[in-house]
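requesting a structural model of the entry that follows:
(one chain, ligands or ions: 1)
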Amino acid sequence: MSTTDTHRANSVVTPIDREALQARYRAERDKRLRPDGNEQYVEPAGRFAHFLEDPYAEPLDREPLFDEVTVAIIGGGFAGLVTGARLTQAGVSDVRLIEGGGDVGGAWYWNRYPGAMCDTAAMIYLPLLEETGHVPSQKYTPANEIFGHAQRIAKHFGLYDNALLSTEVTGLEWDEGSSRWIIRTDRGDEMRAMFVSMGTGPLHRPKLPGIPGIETFAGHSFHTSRWDYEYTGGDPTGSPLERLADKRVGIIGTGATAVQCIPHLARGAAELYVFQRTPSSIDVRNNHPIEPEWFATLEPGWQRKWLMNFATLQTGGFADEDLVKDGWTDISQRIRDRVIADVGADFTPEAMMRAYEDSDDEKMTEIRARVDSIVEDPATADALKPWYRQLCKRPCFHDEYLQAYNEPGAHLVDTDGKGVERIDETGVFVGGVHYELDCLIFASGFEVGTDYSRRSGFETVGRGGHRLSEVWADGMQSMHGLHVHGFPNLYVVGPSQGGNLISNITHNLTEAGSTIAAITSRALEMGADEVEVTIEAQQAWVALVESSTRMFLGNSDCTPGYYNNEGKEMGRRERLNATGYPEGPVAYFQYIDAWRNSGDFEGLEFRSRAAAAP
Ligand code: NDP
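Numbers count the residues shown, from 1 in each chain. Below is the predicted model of the structure:
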């Protein structure tokens, strides 16, 4: 049977040879599969140990603290800030943020590379816009504005007053005798907290490719999350990188970060060599300013409405209008509409999968055609084409990235899926060719699949001396992605085992903040000393999330990346760590809203020491 499909009139009209396409996708994936998976990456150490340091903070000297607070929040990114804000709104004022960086902001404190911006729309990505009165400048806001918004939240809710900045937590331990957490830091603090909320972030610790010889490179080098403007010139607002005018610069990586900074490097450097292993898919961006007059017409409660509208449409649901109208909602609506058009009443899984694949084939064909329409050199254009399904890797949206390869000094060095061969004192080898460099930039991403304690940078020791890294060694165990049995009065904030809305992470965080505020207020009102999820409730929740048949973003047919455990099988551990509520984010947000407002807090046990005393 012929597998040649002809596209519908309203889409790309070139015929797609489905079999040939699948064969190409498989061949491109197979080229990239490697036995070491996640182990191919190394932690910055030795010559690169300073990649973990904070180049932006002023030196800070202070005496260690030995006091007690009601709630300690570890991590001053949006997870910590929205939790702090919701607690403050609920009247819990004794809140302390503890943050390793010199200011709040998390990812937006660290990532100051030129061109950094969030490609989820500001109207939904920036939390608490109504509460703080901020009007985003553009549909997609630059990193420095997002960092400014993080500072605005901290100021607005008084979270700076009691904050400890430039302070890394080194250990967290439950003290059974006093029902308090003991928090130790690299500044010698040993404080106590009744509750601890952890918002240490999913993309927190920079990682480096374990390329042979990497530590021998004698030129200048840095990771994108510690951009060295001293060396490059320019600044986070995008001023030209004028100090690179006589420099040969190499960059390893072509993920979402590299896509944003490469246009600036291509304009600034004498010569830019982009070492590519897998091209990203680059769809249109279409950024535009937000008119304050239009913004002023929004009715109170608008942000929640926009959040739910985006979450609904992005996860294949129906709504009367698309308020955000971006690449994310476009992807899912195309798939959904195609399913309806193709499948009609025939809602079999095979028919649905076929419709999904048709829609994806169309989209990716468009994306590859876009490369040809922009990149002048045909060989470069060919190498920039992504051969995989769009959601196998983080989809990118940009209107200057592909254009950057038309700059005279910009060279794409495609490694045909193999990656950089080796590095020596003066440069990089690919395919036996040596590229001499003054500066090598690592756009190689962040630790995702490693142990929780390695990613957070400290161990959490709960009741009976049990360590969180051991309890989670075979995968995350929680209720709502927030509570862990054996770790009373601890909240772990993140998308997994909860809403798991990956396209708008902050939505998950704001919901968690509201839940934490409700539980904490209730415990304080009741005079409870301990709040803990029962083992039965946790087991039931884990069984529920394990029953999920929702598609993972990346599956084993995908080209490897952190979405699919670098191409290694997604075992139970990986599934537990990456899965969410079976009925999807919108259902989860509705469920958790009802759960916290019911006042029953089903699954949690509130205990008071006085009541327990003989
Ligand atoms: P990624 O992990 O996405 O990308 C790392 C890059 O390094 C990949 O292109 C990878 O290639 C490449 N690489 C790794 N090892 C080698 C090697 N040996 N030789 C050559 N290339 C190599 O990191 P990013 O920092 O780009 O992005 C991380 C995440 O941060 C994103 O996925 C996104 O979630 C978030 N982000 C969000 C933004 C936003 O707008 N909201 C903007 C920027 C980042 P390969 O693909 O083959 O593995």
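
okay, CA-based contacts and neighbour counts for the rest of this
OK.

the helix or strand residue 23 falls within: which residues count as buried?
With elements taken from DSSP states H and E, the one containing residue 23 is helix 18-32. By neighbour count, with 16 or more other CA atoms under 10 Å as the criterion, the buried positions of helix 18-32 are 18, 22, 25, 26, 28, 29, 30, 32.

the fifth one is in contact with residue 558, isn't it?
This means residue 28. No: proximity of residue 28 to residue 558 does not meet the contact threshold set by CA atoms under 8 Å, at 9.2 Å.

overlap of the contact sets of these two?
When contacts are counted by CA atoms under 8 Å, 6 or more residues apart in numbering, residue 28 and residue 558 are jointly contacted by residue 388.

what residues are up against residue 274?
Residue 274 makes contact with 250, 251, 252, 253, 254, 410, 411, 412, 413, 414 under the criterion CA under 8 Å, 6+ apart.

who does the first one form a beta bridge with?
Going back to what we said before, that points to residue 250. Bridge pairing for residue 250 (DSSP bridges) gives the partners residue 273, residue 440.

can you pull the contacts of it?
The neighbourhood of residue 250, defined by CA under 8 Å, 6+ apart, consists of 272, 273, 274, 275, 437, 439, 440, 441.

the last one and residue 395: what is the separation?
Between residue 441 and residue 395 the distance, using CA to CA, to the nearest Å, works out to 22 Å.

do the same with the second one
Remark: distance between residue 273 and residue 395 (CA to CA) = 23 Å.

between these two, who's got more neighbours?
In this comparison of residue 273 against residue 395, neighbours counted by other CA atoms under 10 Å, the higher total goes to residue 273 at 25 against 18.

the more buried one against residue 408, yeah?
No: when contacts are counted by CA under 8 Å, residue 273 is not listed as touching residue 408 (11.6 Å).

returning to that earlier point: how about the contacts of residue 250, which pair is most distant?
Using CA to CA, the pair of the contacts of residue 250 lying farthest apart is 275 and 439, separated by 13.1 Å.

who's in contact with the residue in the stretch 501-614 of the chain positioned nearest to the ligand?
Of all residues in the stretch 501-614 of the chain, the one sitting closest to the ligand is residue 561 (4.9 Å; CA to the nearest ligand atom). For residue 561, the residues meeting the contact criterion (CA under 8 Å, 6+ apart) are 392, 393, 567.

which pLDDT value goes with it?
Predicted confidence (pLDDT) for residue 561: 75.

gap between it and residue 188?
Counting by CA to CA, the gap from residue 561 to residue 188 is 38 Å.

swap in residue 138?
Relative to residue 188, residue 138 is positioned 43 Å away (CA to CA).

which elements pack onto whichever helix in the chain runs longest?
In the chain, ranked by residue count with DSSP state H as the criterion, the top helix is helix 349-374. Packing contacts for helix 349-374, counted by 3 or more CA pairs under 8 Å, 6 or more residues apart in numbering; DSSP states H and E, involve helix 327-343, helix 378-383, helix 401-404.

I'd guessed residue 608 sits against residue 532; true?
No: shown here, residue 608 and residue 532 do not form a contact pair, counting by CA under 8 Å, at 11.6 Å.

neighbour-wise, which of the two wins?
Relative neighbour count places residue 532 above the other of residue 608 and residue 532, with 19 against 16, counting by other CA under 10 Å.

what about the closest residue to the more buried one other than its chain neighbours, how many residues nearby?
Among residues not flanking residue 532 along the chain, residue 488 sits closest, at 4.6 Å (CA to CA, 6 or more residues apart in numbering). Residue 488 has 26 neighbouring residues, counting by other CA under 10 Å.

next one: residue 464
When neighbours are defined as other CA under 10 Å, residue 464 has 11 of them.

now swap in residue 127 and tell me
For residue 127, the number of neighbouring residues by other CA under 10 Å comes to 23.

how would you label it: helix, strand or coil?
Per DSSP: H, G, I helix; E, B strand; the rest coil, the local secondary structure of residue 127 is coil.

that one contacts residue 506, correct?
Yes: at 6.6 Å, residue 127 and residue 506 qualify as touching, with contact defined as CA under 8 Å.

find residues that contact each of those two.
Counting by CA under 8 Å, 6+ apart, the residues touching both residue 127 and residue 506 are residue 78.

tell me the contacts of residue 227?
By CA under 8 Å, 6+ apart, the residues touching residue 227 are 111, 112, 113.

any chance of these in CSV, with secondary structure, pLDDT and neighbour count too?
Putting the contacts of residue 227 into CSV (DSSP: H, G, I helix; E, B strand; the rest coil; pLDDT from 0 to 100; neighbours: other CA atoms under 10 Å) gives the following:
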residue, secondary structure, pLDDT, neighbour count
111, coil, 95, 21
112, coil, 96, 26
113, coil, 97, 27
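
residue 319: which of those is nearest?
Of all those, the one sitting nearest residue 319 is residue 111; the distance, using CA to CA, is 34.6 Å.

skipping its backbone neighbours, what lies nearest the closest one in space?
Once chain neighbours are set aside, the closest to residue 111 by CA to CA, 6+ apart is residue 225, at 4.5 Å.

write out the residues of the stretch 401-550 of the chain neighbouring the ligand.
The stretch 401-550 of the chain comes close to the ligand at residues 419, 420, 443, 444, 445, 446, as judged by CA under 6 Å from any ligand atom.

among those, which ones are in strands?
When DSSP state E is applied, these are split such that none fall in strands.

widest-spaced pair of the residues you listed?
By the measure CA to CA, these have their two most distant members at 420 and 446, which lie 18.1 Å apart.

which of the contacts of residue 227 sits closest to the ligand?
The shortest distance between the ligand and any of these, using CA to the nearest ligand atom, involves residue 111 and amounts to 8.5 Å.

OK, contacts around the closest one?
For residue 111, the contact set (CA under 8 Å, 6+ apart) comprises 143, 224, 225, 226, 227.

dump those to a markdown table, plus distance to the ligand and secondary structure.
Output for the contacts of residue 111, formatted as a markdown table (distance: CA to the nearest ligand atom, whole Å; DSSP: H, G, I helix; E, B strand; the rest coil):
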| residue | distance to the ligand | secondary structure |
| --- | --- | --- |
| 143 | 9 | helix |
| 224 | 7 | helix |
| 225 | 8 | helix |
| 226 | 11 | helix |
| 227 | 12 | coil |
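
quick one: these as TSV, columns for pLDDT too.
Supplementary listing: the contacts of residue 111 in TSV, determined by pLDDT from 0 to 100:
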residue	pLDDT
143	96
224	97
225	94
226	94
227	96
